[in-house]
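Chemist: Kindly generate the corresponding structure for this input.
(one chain, ligands or ions: 1)
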Amino acid sequence: MNSQPHDGAQAFEAPPVQDGGPGADELSSEGPDDVSRETAARDAALAYFGQAFAKVELFANRLASDGEERGLIGPREVDRIWSRHIYNSAAVVPYLPTTGSVADLGSGAGLPGIVIAAMLPSVQVMLIEPMERRCTWLGEMSDALELSNVEVKRGRAEEFHGAFEVDAVTARAVASLDKLARIGLPLLREDGELVLLKGRNVEREVPAARKVLRRLGAGDPTILRAATIPVVEDTVVVRVPRRGSAR
Ligand SMILES: C[S@@+](CC[C@H](N)C(=O)[O-])C[C@H]1O[C@@H](n2cnc3c(N)ncnc32)[C@H](O)[C@@H]1O
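Modeler: Below you'll find the predicted structure:
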């Protein structure tokens, strides 16, 4: 039984994955066809993640076991790791460059940063996270999955302004759009892009964000629905191009 307060993926705003159809994890839930459902879910994941599958599966298993025990994710997340967290994180990948660098702000338990690093081995992925305990976990996961393209940076995103620039900045369940613009845009090189996983109500955050985006000379946000596999609900992705000085 976990006695630590859990502080990871369960604590965020309405998650981008919505209720509706069955998730991939539900394919393996109790019932007469347990084994065939589990096999179908695994086959679907294998087809979707391809060469990254072994690493992604190891990460999902570690999250569900010691990740839960250590309070990185909540107990209720264990049965929905794949549908609510892994596929949700993977949904951002098609919008990222396949080489270059990505900074994931507020990686927490490694979502989406670790999934991105596993799926895009030619991209340098910086996981920016202020909490020591979570950074320790991120380092352990990076080692366990043999992700040579991961660098864990402990601190708040804004502490790294001026320290480096990346091609894309991701974040999931970290802050409102205006705050993400403030802390994320200065980390981008001049034609870089914020590629954010947001909740379905992100439209409400756009008016406040526009003021910040205008001030920082960034482009308009594009809100899109990103699909992964048919049984998992689409995810909301917000793309914002950096155009100005962003400082
Ligand atoms: C709710 S958790 C989400 C974690 C993970 N992205 C996920 O989707 O499960 C928010 C994370 O953002 C981190 N965080 C908060 N403010 C931050 C900042 N200014 N810069 C970087 N990380 C921040 C917190 O420490 C926490 O790990």
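
Chemist: From here on, just use CA atoms for contacts and neighbour counts.
Modeler: Will do.

Chemist: packing partners for the longest helix along the chain?
Modeler: Secondary structure of the chain read by DSSP state H shows that its longest helix is helix 34-49. Where contact means 3 or more C-alpha pairs under 8 Å, 6 or more residues apart in numbering; DSSP states H and E, helix 34-49 is packed against helix 53-62.

Chemist: Tell me which residues of the helix it packs on come out buried.
Modeler: Residues of helix 53-62 classed as buried by neighbour count (16 or more other C-alpha atoms under 10 Å): 53, 55-57, 59-60.

Chemist: for stretch 171-190, same thing?
Modeler: For stretch 171-190, using 16+ other C-alpha under 10 Å, the buried residues are 171-178, 180-190.

Chemist: Show me the residues you listed that map onto strands.
Modeler: Using DSSP state E, the members of those that fall in strands are 171-172, 188-190.

Chemist: Throw these into CSV and include pLDDT, thanks.
Modeler: Converted to CSV, these look like this (pLDDT from 0 to 100):
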residue, pLDDT
Ala171, 98
Arg172, 98
Leu188, 97
Arg189, 96
Glu190, 92
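
Chemist: Taking these, tell me the two that lie furthest apart.
Modeler: Farthest-apart pair in those is Arg172 and Glu190; separation 22.3 Å (C-alpha to C-alpha).

Chemist: For Leu216, grab phi and psi.
Modeler: phi -90, psi 0 (degrees, to the nearest 10).

Chemist: any idea how far it lies from Gly100?
Modeler: 23 Å (C-alpha to C-alpha, to the nearest Å).

Chemist: for Phe164, same thing?
Modeler: 13 Å.

Chemist: So which residues of the protein form strands?
Modeler: 100-105, 123-129, 150-154, 166-172, 188-198, 222-226, 235-241.

Chemist: could you dump the longest one to CSV, C-alpha only?
Modeler: Taking C-alpha atoms only, strand 188-198 is exported to CSV below (Å, rounded to 0.1, in the frame of the first residue of the first chain):
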residue,chain,number,x,y,z
LEU,A,188,13.0,28.2,-28.3
ARG,A,189,15.3,29.1,-31.1
GLU,A,190,13.9,31.7,-33.5
ASP,A,191,11.7,29.5,-35.6
GLY,A,192,11.1,26.9,-32.9
GLU,A,193,7.6,25.9,-31.7
LEU,A,194,5.7,25.2,-28.5
VAL,A,195,3.9,21.9,-29.0
LEU,A,196,1.7,21.5,-25.9
LEU,A,197,-0.6,18.7,-24.7
LYS,A,198,-3.7,20.5,-23.3
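
Chemist: Neighbouring strands - and their directions - for that strand?
Modeler: strand 166-172 (parallel), strand 235-241 (antiparallel) (DSSP bridges).

Chemist: what do you get for the first one?
Modeler: For strand 100-105, the paired strands and their directions (DSSP bridges) read strand 123-129 (parallel), strand 166-172 (parallel).

Chemist: what stretches of the protein score poorly on pLDDT?
Modeler: Scanning the chain for pLDDT under 70 picks out the ranges 1-32, 244-247.

Chemist: Which residues of it lie near the ligand?
Modeler: 8-9, 11-12, 105-109, 111, 128-131, 156-157, 171-174 (C-alpha under 6 Å from any ligand atom).

Chemist: Now for the residue nearest to Val93 when sequence neighbours are not counted: which residues touch it?
Modeler: Counting by C-alpha to C-alpha, 6 or more residues apart in numbering, Val93 lies nearest to Ile116, which is 6.3 Å off, once chain neighbours are set aside. When contacts are counted by C-alpha atoms under 8 Å, 6 or more residues apart in numbering, Ile116 touches 89-90, 93, 125.

Chemist: ok, now how distant is Ile116 from the ligand?
Modeler: 12 Å (C-alpha to the nearest ligand atom, to the nearest Å).
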